[in-house]
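>>> Next comes the sequence, and after it the predicted model I'd like to discuss.
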Amino acid sequence: MFTVASLFVLATMVLALLRAVRGPTVYDRIVAVNVFGTMTVLLLVLIGFLTDRPEFEDIALLYVLINFVAIIAVLKFELYSSLAGPRAASAEGATEKARDEAADGAGVDGR
Amino acid sequence: MTLALEILSWACIVVGGAFCLLSGIGLMRMPDVFTRMHAASLGDTLGAGLIILGLVFQAGLGADLVGVKLLLILVFLLFTAPVATHALSKAALLDGQRPWTADGQPPEATLERGDIADDDFLEEIRKDRAGGGAGRAD
């Protein structure tokens, strides 16, 4: 049963990689990488049960957290061209500043 | 382990794997970013949830902490996946990606980043939230 689920998860990883290669926008690729990370966690847990080595659960726990931080960091870098956020980016030049102000003003959650 | 628990665990793991595969197929076949995110969330919630639940049935919540670690992985996944999806969809919307509607692909599918300030779509959202969103928590 672990083998069947592992094969399903591996097939999903292949599909996610295909989407990451083909995706027209950068966000398609980020979604694909996010799915790939989740499937990596599941595959690690399943391998831990397949080979009867419980250490793999610790590695999977680490991968969950790294995956989340990586997605947020890549998104922030993509949006602001800087990991420090809008303020540091706006110090670089007038065009950057105007763009960031436009992005902040258009925030859909009303901040 | 009793036979009933074994069957339950088997069913959970295989159905969870099937949901993961469905999420991968949806990721390939959906037309735009937002629908692809919808397909991806299937694997994050039902796929991961059912697989880890089935493995917890296998391991039990014994003294070796394997079951507890599995539940911890599930809790972290259920907290982080919606946050990542929310950030991703907001970044895509601010970058000018427009969701497909019932009429198909929107004509202004990609905008320049500078056009965001006077964009009709975001203007409509802002009006909706100012007028009809009085009952919302935020």
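Yes, it's here.
>>> Now do the same contact list for residue 68.
Because you didn't say which chain, this covers chain A. A:F68 is in contact with B:76, B:80, B:83-84, counting by CB atoms under 8 Å, 6 or more residues apart in numbering or on different chains. Every residue, glycine included, has its C-beta placed from N, CA and C.
>>> Chain B, not that one
Here B:V68 is in contact with B:L61 (CB under 8 Å, 6+ apart).
>>> In terms of helices and strands, where is it?
Element membership for B:V68, per DSSP states H and E: helix B:66-94.
>>> what residues are up against the residue positioned nearest the centre of chain B?
By CA atoms, centre = their mean, the mean C-alpha position of chain B lies nearest to B:S41, the distance being 2.3 Å. Contacts here follow CB under 8 Å, 6+ apart; on that basis B:S41 touches B:23, B:81-82, B:85.
>>> Quick check: it is in a helix.
Yes. Secondary structure of B:S41, determined by DSSP: H, G, I helix; E, B strand; the rest coil: located in a helix.
>>> Any regions of the chain where pLDDT drops low?
In the absence of a named chain, chain A is used. Counting by pLDDT under 70, the low-confidence segments of chain A come to A:85-111.
>>> think we crossed wires, I meant chain B
B:1, B:63, B:104-122, B:124-126, B:128-138.
>>> What number of residues are in the vicinity of the residue nearest to B:L71 when sequence neighbours are not counted?
Take B:L71 and drop its neighbours on the chain: the residue closest to it by CB to CB, 6 or more residues apart in numbering or on different chains is B:V56, 6.4 Å away. Summarising burial for B:V56: neighbours were counted as other CB atoms under 10 Å in any protein chain shown, giving 19.
>>> How about the helix holding B:V68, which residues are buried there?
B:66-67, B:69-74, B:76-77, B:80-81, B:84-85, B:87-89, B:91-94 (16 or more other CB atoms under 10 Å in any protein chain shown).
>>> Let me see the ranges of the helices in the chain.
If you meant another chain, say so; for now it's chain A. Counting by DSSP state H, residue ranges of the helices within chain A are A:2-22, A:26-50, A:55-80, A:86-90, A:94-105.
>>> switch to chain B, that's the one I care about
Using DSSP H, the helices assigned to chain B run over residues B:3-29, B:33-42, B:48-59, B:66-94, B:120-131.
>>> Minimum distance to A:F56: which of those has it?
Judged by CB to CB, the one of the helices of chain B that comes nearest to A:F56 is helix B:66-94, at 9.9 Å.
>>> Next, the angle from the closest one to helix A:55-80.
Helix B:66-94 and helix A:55-80 meet at an angle of 10 degrees, taking axes from the mean of the first three to the mean of the last three CA atoms, to 10 degrees as the criterion.
>>> any idea of the angle helix B:66-94 forms with helix B:33-42?
With the same axes, to 10 degrees as the basis, helix B:66-94 and helix B:33-42 are set at 170 degrees to each other.
>>> For A:N34, see how far away the residue nearest to the centre of chain B is.
The spacing between B:S41 and A:N34, counted by CB to CB, to the nearest Å, is 10 Å.
>>> Mind listing the shared neighbours of those two?
B:T85.
>>> and the helix holding B:V68, how far out from the chain's middle?
Its chain's average C-alpha position is 8 Å from that of helix B:66-94, according to CA atoms, centre = their mean, to the nearest Å.
>>> and what of stretch A:17-28?
Between the centre of stretch A:17-28 and the centre of its host chain there is 12 Å, according to CA atoms, centre = their mean.
>>> Just the residues contacting that stretch, thanks.
Contacts of stretch A:17-28 with the rest of the structure, by CB under 8 Å, 6+ apart, involve A:29, A:31-33, A:35-36, A:78, B:27-28, B:33, B:36, B:88, B:91-92, B:95, B:97, B:110.
>>> end to end, how far does it reach?
With CA to CA, to the nearest Å as the measure, the ends of stretch A:17-28 fall 11 Å from one another.
>>> Adding distance to chain A as columns, could you present the contacts of B:S41 in a markdown table?
Output for the contacts of B:S41, formatted as a markdown table (distance: CB to the nearest CB, whole Å):
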| residue | distance to chain A |
| --- | --- |
| B:S23 | 6 |
| B:A81 | 7 |
| B:P82 | 11 |
| B:T85 | 8 |
